[in-house]
Each structure stands twice: as structure tokens, then as C-alpha cells.
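Participant: Let me see the structure of the following:
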Amino acid sequence: FSLTLLYQVLEGKSLHDFTTSELPELPDDATCRLMNEYKLTEDVALVLVSDRPAISMFEKTVAIAKSLLLDKEQQKCNNTIIQSSSSSSLSSSSSPSSKSTTSTIPPLDRISSVTANWICNDLLALIKESATTTRRKELLLLSLSSKEGQKNQNVKHADKYPDENHNKYGATHMGGSGSSSSSSTTTKHEEFELDHPISVEYSNVHHERLGQLIALILDGYISNTQAKKILNVMYKEELHSCPKEIAKSRGWRVIRDRDELHDLIRKVVVDDPSHRSQLEQYKLGGKHVRKMRKFFVGRIMAESRGNAHPELMNEILGQILDEVAPDVT
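Facilitator: Take a look at the predicted model:
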């Protein structure tokens, strides 16, 4: 009878298979697996393991980000093949099969490390903030009310005993009782309960949208600074909007198109009459070169609202300056 019951409990599986598939993963085992499979550091793995739902969120986010990056890469490959086919119809010497494409997808450990860092740092910070915001507001109101009450009490005492504990400026001192009361009130108010535990289980941003955000970062569509702004909006304001929609609606994207950057930089450096004197100073060369180049970089970043890709922007700026001042070294 006992063997039959055990067989039913194990659902026909071996004891090893049952414990592996049905019982929760032990913390030490989970830490080792995250380090080995995803190449995370021990410190980061321990943070994830300390919040069991974070492990699942992390793995699902990595899977979504990787899938989106693969889809984007496949789309690029298809476009390359179509362009190659069009070219081969005009020139028999080119063949699409002879062209090899190099993958630009970040390796798994890169996707994993970026995802883990965003969960452990930025997302958990927002979760902690949301867990304490309501209670902090209540305590702040309570603290202000207590201080106002103490102030009124001091005023009444001063009116009743005008000669007691007055200094030459007329300031009332309550024998230190007021400050000690305030101190004890502050200490009491600093110890408060959270609205909810600090866990990704209570996050307003789940793995689907976080995975989309990670893919945008790794694809270079947005910068880390822009991603932080987007995550903040996703968490506090637009609880259902996807990160790309938020980026587009608010103009948060990295400008990587060379033609677009060229037009923008030329507009600032050459076409803007208010910068004519700076351009003439640049043409003088010498000590003016570095100073004026920094000036133009600042104006370009302002014109692009900080969205210009830094490396491409510097490269194209150098080309345009070489065109308008070829003799400057």
C-alpha cells in the first residue's frame, strides 16, 4: 500500500525527477545556476536569489530581449539580401550568396548582465520608492502637525509667562523640552512600516515591457539616460504603454542616421548666422580649435536635445569642419 501511495504522489516519476521538477530551487543551487548559465557575478546573483520572483522575472526578461534582438537582426539580414538581389540584377559580378553578414546581436552574457543590473538597481529602487511614498507622506503630515502643535503650545506659554526663559532677542526657550520632544518625535517617525515588501512581485513594470526596454538599450535606439527616464514613466505614469511608444512620443531616441546627423550638424556649424563668429575663430587655428570645437559640440547636443550619437556626431563634425577650414590643424 505504501509503495502504491508513493508512486501516486510521485506521479510515476523517479524521486530525483520529482524533486527536480516539483520542488522549488534551493538558494545555493539558484545562485550557482545563474552564475554558470548567465555569467552573472556572485553579488548580482545573490540579489536576484534573495527575491525569488526576481529570478523568474530576470529569465523571462532576458528571453524577451534576446527574441526581439534576434527578430531585428533577421529583419536586417532580409533587407540586406533584398538590396543585394537588386544590385545583382544590375551587375552580374555581385552575388547575394557570396556576401556574408556579421551578427550584431550582443552575446547572452551581455544581455543577462544588463538585464540583471536594471532589475537590481533601477527597478528595485522604484519598487522601494513606491513602498515608502504613501507612508512617508502620512508621517510627514503627522510630523508637521506635531511641530505646529508644539509651536502653538510654546507661544501660549510665552504669553502667559513673558519673563520666563527669554534671551535678549525675545526668543523663548523651554528648558530643552521642546528640542527633546522634537527629537523623540523624529526618531519615532523614522521607524515606519512599508506599504508592501521590496519585491519585483509588486512592480508596475513586468518582464514583457522590461524586456522591450532592454532590447532598445542594447540595439542603441536609446541611451542609458533616456532609458532611465522611460522606465520612470513606465512605472509611475504610463502603466501600459510600451517603451518604444514612450520614447517616440517624448522624443527620446539616439540619432544614429548619418544623413540626419550631417544635416543637423551643418545647420548648427555652417548655416546658423549666430555662430558665424565662432566659425571664424575656429578658422584662425591654434588655441581656438579646441575651444570652438567644444562650443559646437554643446550647440549640436542642445539642437538634438541630447539625442545625437556622441561618436558619430564627433566624426561628422570633424568632417564638416575639415571642409569649411581645410588648412586648420
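
Participant: Now do the contacts for residue 111.
Facilitator: Counting by Cβ atoms under 8 Å, 6 or more residues apart in numbering, residue 111 touches 62, 65, 66, 69, 214, 218. (Each C-beta comes from the backbone N, C-alpha and C, glycine too.)

Participant: how about a cut-off of 10 Å?
Facilitator: For residue 111, the contacting residues are 38, 61-63, 65-66, 69, 105, 211, 214-215, 217-218, by Cβ atoms under 10 Å, 6 or more residues apart in numbering.

Participant: Residue 206 - nearest residue in space that isn't next to it in sequence?
Facilitator: In space, and not counting its chain neighbours, residue 206 is closest to residue 57: 7.3 Å by Cβ to Cβ, 6 or more residues apart in numbering.

Participant: Confirm that that neighbour sits in a helix.
Facilitator: Yes: counting by DSSP: H, G, I helix; E, B strand; the rest coil, residue 57 is part of a helix.

Participant: Now do the same contact list for it.
Facilitator: Applying Cβ under 10 Å, 6+ apart to residue 57 gives the contacts 48, 51, 115, 119, 123, 199-201, 203, 205-207, 210-211.

Participant: Quick check: it vs residue 64, distance?
Facilitator: 11 Å (Cβ to Cβ, to the nearest Å).

Participant: Show me whatever sits in contact with both of the two.
Facilitator: 115, 207, 210, 211.

Participant: Looking at the contacts of residue 57, state which has the most neighbours.
Facilitator: residue 115 (30 neighbours; other Cβ atoms under 10 Å).

Participant: can you tell me which two in the shared contacts of residue 57 and residue 64 are farthest apart?
Facilitator: 115 and 207 (9.4 Å; Cβ to Cβ).

Participant: mind checking which helix or strand the closest residue to residue 198 other than its chain neighbours is in?
Facilitator: Closest residue to residue 198 apart from its sequence neighbours, by Cβ to Cβ, 6+ apart: residue 128 at 5.1 Å. Element membership for residue 128 (DSSP states H and E) is helix 124-160.

Participant: What's the local residue count around the residue nearest to residue 198?
Facilitator: Neighbour count of residue 128, defined by other Cβ under 10 Å: 12.

Participant: which of the residues in stretch 303-312 are buried?
Facilitator: 304, 307, 308, 309, 312 (16 or more other Cβ atoms under 10 Å).

Participant: Over to it now: how far is its first residue from its last?
Facilitator: Start-to-end span of stretch 303-312 (Cα to Cα, to the nearest Å) is 15 Å.

Participant: which residues sit against it?
Facilitator: With contact meaning Cβ under 10 Å, 6+ apart, stretch 303-312 is reached by 220, 222-223, 225-226, 250-258, 260-262, 264-265, 267-268, 272, 297, 300-302, 313-317.

Participant: Of those, which belong to strands?
Facilitator: Within those, no residue falls in strands by DSSP state E.

Participant: Look up the closest residue to residue 325, ignoring the ones flanking it.
Facilitator: residue 283 (4.6 Å).

Participant: Confirm for me that that neighbour is in contact with residue 292.
Facilitator: Yes: in this structure, residue 283 is within contact of residue 292 by Cβ atoms under 10 Å, at 9.0 Å.
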